[in-house]
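Trainee: Starting from these lines, generate the structure:
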Amino acid sequence: MNHNKGCSRYVKVAAEIKRVVSDYLIRGGIESYEGINPLMIVIIDVVVRSCLQHAKIFVSSVDGKSSDDYIDFLEDHSSQIRKAVGDNVKLKFVPEIRFIVDTSFERAQRIEEVLKGL
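Mentor: Sure thing, here's the model as predicted:
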């Protein structure tokens, strides 16, 4: 799923932010707490606005915990994540980051169930 359409610059920046944030979570940039393990977070997609100053990061979890818990966890650590992006992505400004639950898998399951019922 790629929400960025058009300019290849946006697509490249989004892909680089996705790589940096994923690596940051995998390499232990954030410690687990309150039952939240950053290794269970999957970065599904990143969308950057045309000004490159805002980024939406679509996330999902692989362990079945509430997605809201993961969003809260990521929001609590957003300054650390932004710093990692700033240190690793060459941009004039580090974008403001917003985390959003990706629901595409759940929607696909519902569509599949409907289709099976036909």
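
Trainee: CA only for contacts and neighbour counts going forward, please
Mentor: OK.

Trainee: Do you have the helices of the protein handy? List them.
Mentor: Here the chain has its helices, by DSSP state H, at 8-26, 67-76, 78-88, 104-117.

Trainee: and the longest one, average pLDDT?
Mentor: Per-residue pLDDT values across helix 8-26 average out to 92.

Trainee: buried residues in that helix?
Mentor: For helix 8-26, the neighbour count (16 or more other Cα atoms under 10 Å) marks 10-11, 13-22, 24-25 as buried.

Trainee: Equivalent analysis for stretch 96-115, please.
Mentor: For stretch 96-115, burial by neighbour count (16+ other Cα under 10 Å) applies to 97, 98, 99, 100, 101, 102.

Trainee: Sitting in strands, which of those residues do you find?
Mentor: Among the buried residues of stretch 96-115, the members found in strands (DSSP state E) are 97, 98, 99, 100, 101.

Trainee: and the residues you listed as TSV, adding distance to residue 54 and pLDDT?
Mentor: As requested, those are exported to TSV (distance: Cα to Cα, whole Å; pLDDT from 0 to 100):
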residue	distance to residue 54	pLDDT
97	6	95
98	8	95
99	11	96
100	13	94
101	17	91
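
Trainee: quick one: which of those residues is nearest residue 72?
Mentor: Taking Cα to Cα as the measure, residue 99 is the one of those closest to residue 72, at 8.9 Å.

Trainee: Chain neighbours aside, what residue packs nearest to the closest one?
Mentor: With Cα to Cα, 6 or more residues apart in numbering as the criterion, residue 99 has its nearest non-adjacent residue at 4.8 Å, and that residue is residue 57.
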